[in-house]
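**Student:** Just the structure for this:
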Amino acid sequence: MIGEWVIDGVFIPRVLVVLLLAFVVSLVLRRTLRFFNAYRFIWHAGLFDTAVFVVIAWLIAEAAIGVTSYAIAS
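**Tutor:** Here you go, the predicted model:
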């Protein structure tokens, strides 16, 4: 997961891209859960949202490792 992507000569950390993508996915999931009124079954919405964000970021990071050249060598 350590490394950068180069876009038009600008180095962008992979962690930044993963966290931004996880944030967008968690926003969509949060709106979906609010639409279906699922938060009434959740004790602490803030803790739940944070945990979901961490899990989504981890899943995206694991998926991103599979498409880099590092995973091919190992």
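
**Student:** how about the helices of this structure, start to end?
**Tutor:** Secondary structure of the chain (DSSP state H): helices at 14-35, 45-66, 69-73.

**Student:** got a markdown table for those helices, with distance to residue 4 and mean pLDDT too?
**Tutor:** Just so you know, the C-beta spots here come from the backbone N, C-alpha and C atoms, and that holds for glycine as well. Shown next, in a markdown table, are those (distance: least, C-beta to C-beta, whole Å; pLDDT from 0 to 100):
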| stretch | distance to residue 4 | mean pLDDT |
| --- | --- | --- |
| helix 14-35 | 7 | 95 |
| helix 45-66 | 13 | 91 |
| helix 69-73 | 13 | 49 |
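
**Student:** My understanding was that residue 22 contacts residue 57; is that so?
**Tutor:** Yes - at 3.8 Å, residue 22 and residue 57 qualify as touching, with contact defined as C-beta atoms under 8 Å.

**Student:** Let me see the contact set for residue 55.
**Tutor:** By C-beta atoms under 8 Å, 6 or more residues apart in numbering, residue 55 lies in contact with nothing.

**Student:** Could you check how far it is from residue 26?
**Tutor:** According to C-beta to C-beta, to the nearest Å, residue 55 stands 9 Å off from residue 26.

**Student:** just residue 17 next, same as before
**Tutor:** Relative to residue 26, and taking C-beta to C-beta, residue 17 is found at 15 Å.

**Student:** For residue 9, the count of nearby residues, please.
**Tutor:** Residues lying near residue 9 (other C-beta atoms under 10 Å) number 5.

**Student:** list the contacts for it?
**Tutor:** By C-beta under 8 Å, 6+ apart, residue 9 has no neighbours at all.

**Student:** before we move on, what about residue 52?
**Tutor:** Contacts of residue 52 by C-beta under 8 Å, 6+ apart are 26, 29, 30.

**Student:** Switch these over to a markdown table; also include neighbour count.
**Tutor:** Output for the contacts of residue 52, formatted as a markdown table (neighbours: other C-beta atoms under 10 Å):
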| residue | neighbour count |
| --- | --- |
| 26 | 18 |
| 29 | 14 |
| 30 | 17 |
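
**Student:** ok, of these, which one's closest to residue 12?
**Tutor:** Closest approach to residue 12 among the contacts of residue 52 (C-beta to C-beta): residue 26, at 20.3 Å.
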